[in-house]
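*Asks:* what's the 3D shape of this:
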Amino acid sequence: MQPVLIDACGWAACIDAQLNIQHEMESLLGPCEWLLIPKVLEELVELERQRPAGKGLLLDLLQSKSTLVGTEHIGHTDDLLLEFAQHYQAATLTVDTELKRRLFEANLRVIEVKQSKYLHLVDLL
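*Replies:* Residues are numbered from 1 along each chain as shown. Prediction:
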């Protein structure tokens, strides 16, 4: 099973594009285990508060399908995502340009939303 780290901006982009995230990920990678760090969840909760009514981020779905990792780690979210991507050899769902660059430099897989229509795997391995 392929581990996939979820970044806040990647999740929000999937929700905004109205993607069937699980189906899209499994089409790219096969069976996946979603990994979520507390900092990303905090960012998503704050982002959801700022959104208009009816534009929720399906956080219940994310939490029900994800395994929470790194509960005792502190630091910048992108640093933690990179650390856990390396530790788990996980692909990372993100649209953050700087985080993608760092992941590419570490030869790690990136899943990104393309043209607000589908997920795309960038695999440099």
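
*Asks:* could you measure the residue lying farthest from the centre of the chain against Leu41, distance?
*Replies:* Using CA atoms, centre = their mean, the residue of the chain lying farthest from its centre is Ala53. It sits 23.1 Å away. Counting by CB to CB, to the nearest Å, the separation of Ala53 from Leu41 is 21 Å. All C-beta spots, glycine's among them, are computed from the backbone N, C-alpha and C.

*Asks:* show me where pLDDT drops low in this protein?
*Replies:* 124-125 (pLDDT under 70).

*Asks:* Quick one: list the elements packing against the helix or strand containing His120.
*Replies:* When secondary structure is defined by DSSP states H and E, His120 falls within strand 118-122. Contacts defined by 3 or more CB pairs under 8 Å, 6 or more residues apart in numbering; DSSP states H and E place strand 118-122 against helix 21-29, strand 110-114.

*Asks:* from the middle of its chain, how far away would the next helix or strand after the longest one be?
*Replies:* Which is helix 21-29. Next helix or strand after helix 21-29 toward the C-terminus (DSSP H and E): strand 32-36. Per CA atoms, centre = their mean, to the nearest Å, the displacement of strand 32-36 from the mean C-alpha position of its chain is 8 Å.
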